[in-house]
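Enquirer: No sequence on hand, only this structure:
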């Protein structure tokens, strides 16, 4: 007799109960509210406090940066920074709350630095 796979079991559970099983993050991070991890949520709280105190301004979350534009059938290479803000001197900062640096992240970070002159800060 054939053993059922985990995917088949999850599909059956979804069908019978009408619910979807919660999908976990492949790096083990657990969501914290609207943020991808507890670390990202903690960084957001600190940045929001700095914005309220007037030390930074124009704080934005999940900022899309087109590193390499698309061309016809080729899709653009896009990097999504966790946070972006302006400091008191008017310089723009891009922050990423990183727990694990993937090879794709490292490549996009280097491309952003070389092609756009954008330095992504990790916290």
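Expert: On my side now, so go ahead. Note that the structure is predicted; figures quoted are calculated from it, not measured.

Enquirer: ok, then the element right after the lengthiest helix in the chain?
Expert: Using DSSP state H to define each element, the chain has its longest helix at helix 38-52. Reading on from helix 38-52 to the C-terminus, the next helix or strand found by DSSP states H and E is strand 57-68.

Enquirer: In its sheet, which strands sit next to the helix or strand that that next one is followed by, and in what direction?
Expert: Per DSSP H and E, strand 57-68 leads on to strand 77-86 as the next helix or strand towards the C-terminus. The strands beside strand 77-86 in its sheet (DSSP bridges) come out as strand 57-68 (antiparallel), strand 92-96 (antiparallel).

Enquirer: so which of these is the most packed in?
Expert: Of the strands paired with strand 77-86, the one with the most neighbours on average (mean count of other CB atoms under 10 Å) is strand 92-96, at a mean of 17. C-beta here means a position set from N, CA and C on the backbone, and glycine is covered the same way.

Enquirer: Now do that one against helix 38-52: the angle between them, please.
Expert: Strand 92-96 and helix 38-52 are oriented at 160 degrees to each other (axes from the mean of the first three to the mean of the last three CA atoms, to 10 degrees).

Enquirer: any residues touching strand 92-96, and which ones?
Expert: 43, 47, 63, 65, 81-87, 105, 118-123 (CB atoms under 8 Å, 6 or more residues apart in numbering).
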